[in-house]
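Engineer: task: produce atomic coordinates for the following.
(2 chains)
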Protein chains: 2
Amino acid sequence: MKNFKINPDIVKIPLSKREAILAAMKGKTNLANLAAGNPDMPMPKTIVDRMTAYISSGYAPYSDYYGFPELRQKLSQMLQSQWQITADPDTDLFITCGVQEGLYVIMRTILQPGDEVLIPSPHYGTYFQNTVACGAKPVLVPLDEADGFVPDMERLAQAVTPQTRALVFCNPSNPLGIVWPQATIEALADFALKHALLVLVDEIYHDYIFTTPPPSIAALPGMKTHTFTFGGFSKSYLMMGLRIGFVVGPVELMSAVKKLHYCVALCPSVIGQIAAMAAFDCTAEELQPIITEFQEKLEMLYKGVAALPGVSCVRPGGSFFIFPNFKNYGSDSMSLALRLIEEAGVITLPGTEFGELGEGYLRLSVCAKREEVEEGLKRLQNFIHQNT
Amino acid sequence: MKNFKINPDIVKIPLSKREAILAAMKGKTNLANLAAGNPDMPMPKTIVDRMTAYISSGYAPYSDYYGFPELRQKLSQMLQSQWQITADPDTDLFITCGVQEGLYVIMRTILQPGDEVLIPSPHYGTYFQNTVACGAKPVLVPLDEADGFVPDMERLAQAVTPQTRALVFCNPSNPLGIVWPQATIEALADFALKHALLVLVDEIYHDYIFTTPPPSIAALPGMKTHTFTFGGFSKSYLMMGLRIGFVVGPVELMSAVKKLHYCVALCPSVIGQIAAMAAFDCTAEELQPIITEFQEKLEMLYKGVAALPGVSCVRPGGSFFIFPNFKNYGSDSMSLALRLIEEAGVITLPGTEFGELGEGYLRLSVCAKREEVEEGLKRLQNFIHQNT
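Structural biologist: Numbers count the residues shown, from 1 in each chain, chains lettered A, B, ... in the order given. Now for the predicted structure:
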């Protein structure tokens, strides 16, 4: 056959190296999973009941390209009352097939070859991958464990060039587990306004904040026209596989983004949108135990890991993750993660899954059931005690 | 605010002009809809039952990025036995969030700025829009009603330049309703091999062929390495809103495409995949009446429209559509479509929704229930008799 050309931007998208982890797991049973991204918990009954009733009709038509108007209306009200973001449901937001689709269509719309994107790092891999997929240049800005992984504003300013277009981060952070406080968010807003940057903020863990909640950066003065805010229903309502998220952004840019969303997705899943509508009707009695369960598991794991000899860990403020420093147990995170599978029967992710600045760290999650997280911690403790 | 730059490729994506149709419909009740794209029919019971059982567990986790391995396995077997396409379920195909997502990720992977894409036209709008979204140039190759909308191979050859990278079409055709026969598919295969072009073929209406079924172009000698074949569950199983499709393509190109799919979608909907799994277990007793219903409605509409004075129509071979010529009733399709809403109470789509070569035509669909299609035809007949 002819040697067909492939778009070099797409070829360059860096692959996750998770294959090595999966290969090491192969054939092993009784592993404790501290790497899971899928919370092992069912959706609230209100959502299950509404989905069941909807499906009984047998109908599953295409929906409005940008999501049910009623869903956009409910979302707009929620953003106003809970996130302090004012967003017209017809022009300033739309429903995406998860945050992943939202991030892609925004980045592809606002970036051009040669543009630069600031990514505080360690970071969620997609921010880097999408930047590359758009032919733009990811500029990693190191976050220091010694600073609690809060960005150094001077270092951020030094990374700005005439090509810098955007800053992308998540708060709370996957993989770091930390929540940047109000002062940091305010400093980032000043920074974005001063350098005329767009801010892309992924707030998928918004409902899992276990410390003083910081503001959404889009809610700060002058920031609505500079910010794309991403959120979703996957984590808060345990409907990850239904693929429903949203993005709210500057009206001047959204009409172009919406055209690309149409090309990429046509419309979001109709049954996913039914579930998202039901999410607004869940009771506090249904939701609070979910939040509490993750908070307690995360606290338990953090305390256990921070107490390990030779291991340091920044105290988590939210999300499902901690990001402890295991440099005293080898400088190669992947080797350590593979040893932990082989020798301790516990699955973790190497920090390098979140960029080269994650070297020496592991990401541990509390998505597994409580007993499995406890068992994983015990195995980690045994491993450390055998190796010190 | 700063005047933020938007990627010019995304700005240039041509919008549908359907807004004018929607505006004309506003406030009117009792319109007969011959424009619908959503079949007004429920999913087979086998699918509804399986979805209901799945949801009762309450779990909706992320799935494999490329779709359930079992679903890919079943799809591979179906493609072999029914489409005569050999495809390794791990490397040659993956599950997409509908054909729309599949088309986008393939086109973005194989196209670069300056490339040209041949689009036999009138055409489905997304082929043109995606080409523009990739910074490439759509080259429309006219299909003549006098030829039954079958491509003129000489005209196609004349459109080839050193920049031509791909040919994209659907068979059966939306909007034309025709099915290109075996001889045409073979000629197109020769053409693609001779000019070293990639072929993108959208076979979403594969199960709605009411004439001698032509081969899938990927099944012809030498074509597997030159063809991306798109299909889905939306039309065959009435699960449009569940957003599950697939793409099968040359293994040499699929690993790059799969990286972009990960960036764009993360994974397809899990409940949609459950429905797709169940689709393979539907009985002929469940499926045949669906096919027959559309076949009968299409035949009825075709006969009625072809008999209208001053209207010509190529006999449909498949899909949900006919594409009659109304040039004797005004050269501006949009004006005619708007008049039909205002004066006759029937909704149609102007042929120009499918490119400028659709001027003078209307696209009529049989997605509405039989009585509504009959009523729409009656109203069209009345309108024509009042205007001749």
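Engineer: so the spatially most central residue of chain A: helix, strand or coil?
Structural biologist: Residue closest to the average C-alpha location in chain A (C-alpha atoms, centre = their mean): A:N174, at 5.1 Å. Following DSSP: H, G, I helix; E, B strand; the rest coil, A:N174 is assigned to coil.
Engineer: chain neighbours aside, what residue packs nearest to the closest residue to chain B within the stretch 101-250 of chain A?
Structural biologist: Closest to chain B within the stretch 101-250 of chain A is A:G241: 3.0 Å, counting by C-beta to the nearest C-beta. (Glycine included, C-beta is placed from N, CA and C.) Using C-beta to C-beta, 6 or more residues apart in numbering or on different chains and skipping the chain neighbours, the partner closest in space to A:G241 is B:V270 (3.0 Å).
Engineer: and A:S236, by the same measure?
Structural biologist: What sits nearest to A:S236 in space, not counting adjacent residues and going by C-beta to C-beta, 6+ apart, is A:D207, at 4.2 Å.
Engineer: over to A:G222?
Structural biologist: Nearest in space to A:G222, with sequence neighbours left out and distances taken as C-beta to C-beta, 6+ apart, is A:L193 at 5.6 Å.
Engineer: so which bits of the helix or strand containing the one you found are buried?
Structural biologist: A:L193 belongs to helix A:182-195 when assigned by DSSP states H and E. Using 16 or more other C-beta atoms under 10 Å in any protein chain shown as the test for burial, helix A:182-195 gives A:T184, A:I185, A:E186, A:L188, A:A189, A:F191, A:A192, A:L193, A:H195.
Engineer: one step back: can you give me every residue that contacts the residue nearest to the centre of chain A?
Structural biologist: Each residue near A:N174 by C-beta atoms under 8 Å, 6 or more residues apart in numbering or on different chains is listed here: A:Y124, A:I204, A:Y205, A:S319, A:F320, A:F321.
Engineer: which helix or strand in chain A has the lowest average pLDDT?
Structural biologist: helix A:18-25 (a mean of 90; mean pLDDT, DSSP states H and E).
Engineer: give me phi/psi at the residue nearest to A:G241?
Structural biologist: With angles defined as degrees, to the nearest 10, B:V270 sits at phi -70, psi -40.
Engineer: likewise the one 10 residues further on?
Structural biologist: As for B:F280, its main-chain torsions (degrees, to the nearest 10) stand at phi -70, psi -20.
Engineer: what pLDDT does the model give the residue nearest to it when sequence neighbours are not counted?
Structural biologist: Nearest residue to B:F280 in three dimensions, chain neighbours excluded: B:K74, at 5.0 Å (C-beta to C-beta, 6+ apart). B:K74 is assigned 98 on the pLDDT scale.
Engineer: so B:K74 is in which element?
Structural biologist: Element membership of B:K74 [criterion: DSSP H and E] is helix B:69-78.
Engineer: determine the set of other helices and strands touching the next helix or strand after that helix.
Structural biologist: As assigned by DSSP H and E, the chain's next helix or strand after helix B:69-78 is strand B:93-96. Here strand B:93-96 touches helix B:69-78, strand B:245-248, helix B:251-265, going by 3 or more C-beta pairs under 8 Å, 6 or more residues apart in numbering or on different chains; DSSP states H and E.
Engineer: show me the shaky parts of the stretch 251-388 of chain A.
Structural biologist: Judged against pLDDT under 70, the stretch 251-388 of chain A has no low-scoring part.
Engineer: now do the buried residues in the least confident helix or strand of chain A.
Structural biologist: Buried, per 16+ other C-beta under 10 Å, within helix A:18-25: A:I21, A:A24, A:M25.
Engineer: I figured the second one was touching A:E343, is that so?
Structural biologist: Going back to what we said before, that points to A:A24. No. Judged on C-beta atoms under 8 Å, A:A24 makes no contact with A:E343 at a distance of 10.8 Å.
Engineer: state the number of residues packed around the nearest residue to A:F169 once chain neighbours are set aside.
Structural biologist: Leaving aside its chain neighbours, A:F169 sits nearest to A:P120 (5.2 Å; criterion: C-beta to C-beta, 6+ apart). For A:P120, the neighbour count with other C-beta atoms under 10 Å in any protein chain shown is 27.
Engineer: surely A:P120 touches A:L143?
Structural biologist: Yes. At 5.2 Å, A:P120 and A:L143 qualify as touching, with contact defined as C-beta under 8 Å.
Engineer: overlap in contacts, these two.
Structural biologist: Counting by C-beta under 8 Å, 6+ apart, the shared contacts of A:P120 and A:L143 are A:P151.
Engineer: so where does A:Q288 fall, helix or strand?
Structural biologist: helix A:284-306.
Engineer: give me the helices and strands touching that helix, please.
Structural biologist: Other helices and strands packing on helix A:284-306, by 3+ C-beta pairs under 8 Å, 6+ apart, are strand A:321-322, helix A:370-386.
Engineer: the last one and chain B in contact?
Structural biologist: Right, the one you point to is helix A:370-386. No. Judged by C-beta under 8 Å from any C-beta of the partner chain, helix A:370-386 stays clear of chain B, getting no closer than 15.0 Å.
Engineer: repeat for the shortest one
Structural biologist: No. Using C-beta under 8 Å from any C-beta, strand A:321-322 stays clear of chain B, coming no nearer than 15.7 Å.
Engineer: buried residues, the next helix or strand after that strand. List them.
Structural biologist: From strand A:321-322 onward toward the C-terminus, using DSSP H and E, the following helix or strand is helix A:333-339. Neighbour-count burial for helix A:333-339, counted by 16+ other C-beta under 10 Å, picks out A:S333, A:M334, A:L336, A:A337, A:L338, A:R339.
Engineer: from chain B, how far out is the fourth one?
Structural biologist: Here the distance between A:A337 and chain B works out to 20 Å (C-beta to the nearest C-beta, to the nearest Å).
Engineer: just checking, that residue touches A:G351?
Structural biologist: No. Counting by C-beta under 8 Å, A:A337 sits too far from A:G351 to count as a contact (9.0 Å).
Engineer: what is in contact with the two at once?
Structural biologist: A:L362.
Engineer: break chain A down into its structural domains.
Structural biologist: Following automatic domain parsing, one finds the domains of chain A at A:8-43+A:284-386, A:59-279.
Engineer: which of those sits most buried?
Structural biologist: Of all the domains of chain A, domain A:59-279 has the most neighbours on average by mean count of other C-beta atoms under 10 Å in any protein chain shown, namely a mean of 21.
Engineer: for that one, measure first residue to last.
Structural biologist: End-to-end distance for domain A:59-279: 21 Å, by C-alpha to C-alpha, to the nearest Å.
Engineer: how near is A:L118 to A:P215?
Structural biologist: A:L118 sits 20 Å away from A:P215, taking C-beta to C-beta, to the nearest Å as the criterion.
Engineer: need the three-state assignment for A:V141.
Structural biologist: Here A:V141 is recorded as strand under three-state DSSP.
Engineer: try A:V199
Structural biologist: Criterion first, three-state DSSP; result for A:V199: strand.
Engineer: one step back: contacts only, for the residue nearest to A:S236.
Structural biologist: Listed by C-beta under 8 Å, 6+ apart, the contact set of A:D207 reads A:K235, A:S236, A:L287, A:I291.
Engineer: hmm, back to that, send me the least confident helix or strand of chain A as PDB with only the CA atoms.
Structural biologist: Below are the C-alpha coordinates for helix A:18-25, written out as PDB (Å, rounded to 0.1, in the frame of the first residue of the first chain):
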ATOM      1  CA  ARG A  18      -0.300   2.300  31.700                       C
ATOM      2  CA  GLU A  19       0.200  -0.700  29.500                       C
ATOM      3  CA  ALA A  20       3.200  -1.800  31.700                       C
ATOM      4  CA  ILE A  21       1.000  -1.700  34.700                       C
ATOM      5  CA  LEU A  22      -1.800  -3.700  33.000                       C
ATOM      6  CA  ALA A  23       0.700  -6.200  31.800                       C
ATOM      7  CA  ALA A  24       2.100  -6.700  35.400                       C
ATOM      8  CA  MET A  25      -1.500  -7.200  36.700                       C
END
